[in-house]
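# Structure here, sequence nowhere to be found:
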């Protein structure tokens, strides 16, 4: 691009990073909510919930930035499905939740769907 400005692909990369970071923050926020719900200590539970809310605010800010440079029709499904997959993986790795074969098949189908629209 003339004038030393960033190219379209450079800008698109920035918006993709915003979107992926928003997915991670959304996942982190949900993990903190789950830990909050499991805590027997009210103060700890409140701190975990407040931390989850802060991550949620950061998530919204970065998601909003991401859709400046991405089509909403692409960004939203990637955000939603990416968050779902990340929370799903976190649920059985961190919280030892049981996962049925049909659940795994569903996550694979979602991942394929993301790949198709990305």
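Nice, I can see it. These figures come from a predicted structure and were not determined experimentally.
# OK, contacts around the residue nearest in space to the middle of the chain?
Centroid check for the chain by CA atoms, centre = their mean gives residue 23 as the closest residue, at 1.6 Å. Residues in contact with residue 23 (CB atoms under 8 Å, 6 or more residues apart in numbering) are 78-79, 82-83, 86. (Glycine included, C-beta is placed from N, CA and C.)
# one more time with 6 Å
If you count contacts by CB atoms under 6 Å, 6 or more residues apart in numbering, residue 23 has them with 82-83.
# Report the buried residues of the helix or strand harbouring it.
Here residue 23 sits within helix 8-38, counting by DSSP states H and E. Within helix 8-38, the residues scored as buried using 16 or more other CB atoms under 10 Å are 15-16, 18-19, 21-36.
# What is the helix or strand following it packed up against?
As assigned by DSSP H and E, the chain's next helix or strand after helix 8-38 is helix 42-69. Helix 42-69 sits against helix 8-38, with contacts defined as 3 or more CB pairs under 6 Å, 6 or more residues apart in numbering; DSSP states H and E.
# Between helix 42-69 and the helix it packs on, find me the angle.
160 degrees (axes from the mean of the first three to the mean of the last three CA atoms, to 10 degrees).
# Report the distance from helix 8-38 to the chain centre.
Counting by CA atoms, centre = their mean, to the nearest Å, helix 8-38 is centred 4 Å from the centre of its parent chain.
# Kindly report the same for stretch 75-83.
7 Å.
# And for stretch 62-75?
The answer for stretch 62-75 is 13 Å, by CA atoms, centre = their mean.
# Quick one: residues in contact with it.
Contacts for stretch 62-75 (CB under 6 Å, 6+ apart): 11-12, 15, 18-19, 21-22, 117.
# can you pull the buried residues of that stretch?
So for stretch 62-75, counting by 16+ other CB under 10 Å, buried means 62-63, 65-67, 69-70, 75.
# Spatially nearest residue to residue 20, not counting backbone neighbours?
For residue 20, ignoring the flanking residues on the chain, the nearest one in space by CB to CB, 6 or more residues apart in numbering is residue 82 at 7.5 Å.
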